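Colleague: next comes the sequence, and after it the predicted model I'd like to discuss.
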Amino acid sequence: MEPKVAKVEIKEYYERHHRERKEKSWRPFEAYRSIQKFLNMKKGKKLLDIGCGTGYLLKTAELKGLITYGIDLSKEAVNISKTIANNSQLSIADGEKLPFCDGCFDYVTCLGTLEHFLDANKGVQEMVRVSKNSATICIMVPNINFFGWEFQNKGTRQINEFLLDLRGWSEILENNGLAIKKIYQDKWLINRTNLLEDKNPLRLLKRLFSKLRWTFLPLNLTYQFIFICGKIQQRPKIARAYIYKGKSKRKDS
């Protein structure tokens with residue numbers, strides 16, 4: 001995939017976005033409860049959130065007793081996160097070059113961020129590198145086949161954002177060292193819909209139709225995929241016997 005913009009432009013975009021919208025830059029705190037359930041967080045484990053934004057995911061992990069780290073390309077985002085997730089270790093860093101040692105995290109999350117990387121393959125490789133062999137990795141990315149793009153000019157609104165289908169994203173993850181365990185639909189947009197928000201009959205019917213449509217939407221047409229992954233474990237070399245010129249020898253396969 002050819003980069004559309006320079007990294008400095010991406011950084012400037014998100015600096016401006018966080019400076020203008022502050023703690024309302026992204027989803028509210030309540031939206032991250034489902035991610036917590038998907039990860040099955042355990043107290044005392046270490047979690048890294050890549051592209052931590054406003055820090056709400058880190059805050060949910062803090063409340064569960066995890067040791068939390070967050071990185072973001074934007075200084076403004078890190079400053080906001082410090083006010084929300086004040087027990088987390090936060091730093092300005094590039095997701096394609098993480099400032100952490102190999103195999104140091106039990107959980108790695110990357111929510112709505114990978115699709116903005118200049119090199120998504122490198123980003124996944126870095127997640128794999130800093131994860132323990134037993135780690136759980138959670139990645140949320142947009143689906144190019146989501147029907148809603150038809151009403152939004154075939155795409156989303158953020159800088160350098162690329163969209164893939166289920167197969168395309170699966171290949172990127174698996175080709176760079178991740179084993180996909182489960183795939184969930186991102187249903188935050190519909191879960192927050194309050195049917196009784198407006199008692200106008202026409203609007204009520206519209207919200208009801210929208211909720212039913214989302215409820216029965218097949219995975220391949222969903223808005224965003226939530227991948228729960230582990231590291232692909234290398235198969236151990238197994239010594240096997242073979243016969244060579246009448247003598248038994250050992251060979252690693």
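Modeller: Okay, I see it.
Colleague: thought residue 106 was touching residue 46?
Modeller: Yes. Residue 106 is within contact range of residue 46, at 5.2 Å (criterion: Cβ atoms under 8 Å). Where you see a C-beta, it was placed from the backbone N, CA and C, and this is true even at glycine.
Colleague: so what pLDDT did residue 36 get?
Modeller: Looking at residue 36, its pLDDT is 87.
Colleague: okay, helices next: where are they in the chain?
Modeller: 7-21, 33-39, 56-63, 75-84, 120-130, 166-175, 188-191, 201-215 (DSSP state H).
Colleague: residue ranges with poor pLDDT in the chain?
Modeller: Scanning the chain with the threshold set as pLDDT under 70 gives 1-4, 148-157, 189-215, 234-253.
Colleague: that older thread, among the helices of the chain, which is nearest residue 141?
Modeller: helix 166-175 (5.3 Å; Cβ to Cβ).
Colleague: buried sites along that closest one?
Modeller: Using 16 or more other Cβ atoms under 10 Å as the test for burial, helix 166-175 gives 166, 169-170, 172-173.
Colleague: any idea how far residue 115 lies from residue 37?
Modeller: 23 Å (Cβ to Cβ, to the nearest Å).
Colleague: who has more neighbours, these two?
Modeller: Just comparing residue 115 and residue 37: by other Cβ atoms under 10 Å the higher neighbour count belongs to residue 115, 21 against 10.
Colleague: now do the contacts for the more buried one.
Modeller: 141-142, 161-163 (Cβ atoms under 8 Å, 6 or more residues apart in numbering).
Colleague: longest strand in this structure, please.
Modeller: If you go by DSSP state E, the chain has its longest strand at strand 131-142.
Colleague: what is the burial count for residue 63?
Modeller: 13.
Colleague: now the phi/psi pair for the closest residue to residue 58 other than its chain neighbours, please.
Modeller: Nearest residue to residue 58, sequence neighbours excluded (Cβ to Cβ, 6 or more residues apart in numbering): residue 85, at 3.6 Å. The phi and psi values for residue 85, taken as degrees, to the nearest 10, are phi -110, psi 70.
Colleague: picking that back up, I'd like to know which of the helices of the chain is closest to residue 101.
Modeller: Closest among the helices of the chain, once you apply Cβ to Cβ, is helix 120-130, at 7.2 Å.
Colleague: coming back round to it: for the buried residues of helix 166-175, give me CSV that also has distance to residue 31.
Modeller: Shown next, in CSV, are the buried residues of helix 166-175 (distance: Cβ to Cβ, whole Å):
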residue, distance to residue 31
166, 22
169, 21
170, 24
172, 24
173, 23
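Colleague: tell me the one of the residues you listed nearest residue 184?
Modeller: Here the nearest of these to residue 184, counting by Cβ to Cβ, is residue 166; it sits at 12.1 Å.
Colleague: picking up where we left off before, nearest to residue 68, of the buried residues of helix 166-175?
Modeller: Of these, the one sitting nearest to residue 68 (Cβ to Cβ) turns out to be residue 173, at 23.2 Å.
Colleague: the closest one reaches residue 180, doesn't it?
Modeller: Yes. Judged on Cβ under 8 Å, residue 173 makes contact with residue 180 at a distance of 6.1 Å.
Colleague: now do the shared contacts for the two.
Modeller: 227, 229.
Colleague: quick one: residue 93 from residue 173, how far?
Modeller: Look at residue 93 and residue 173: by Cβ to Cβ, they are 21 Å apart.
Colleague: same thing with residue 13?
Modeller: On the measure of Cβ to Cβ, residue 13 and residue 173 end up 25 Å apart.
Colleague: could you do residue 10 as well?
Modeller: Taken as Cβ to Cβ, the span from residue 10 to residue 173 is 22 Å.
Colleague: what's the answer for residue 216, then?
Modeller: Using Cβ to Cβ, we find residue 216 at a distance of 26 Å from residue 173.
Colleague: show the buried residues in the contacts of residue 115.
Modeller: Looks like these have 141-142, 162-163 buried, using 16+ other Cβ under 10 Å.
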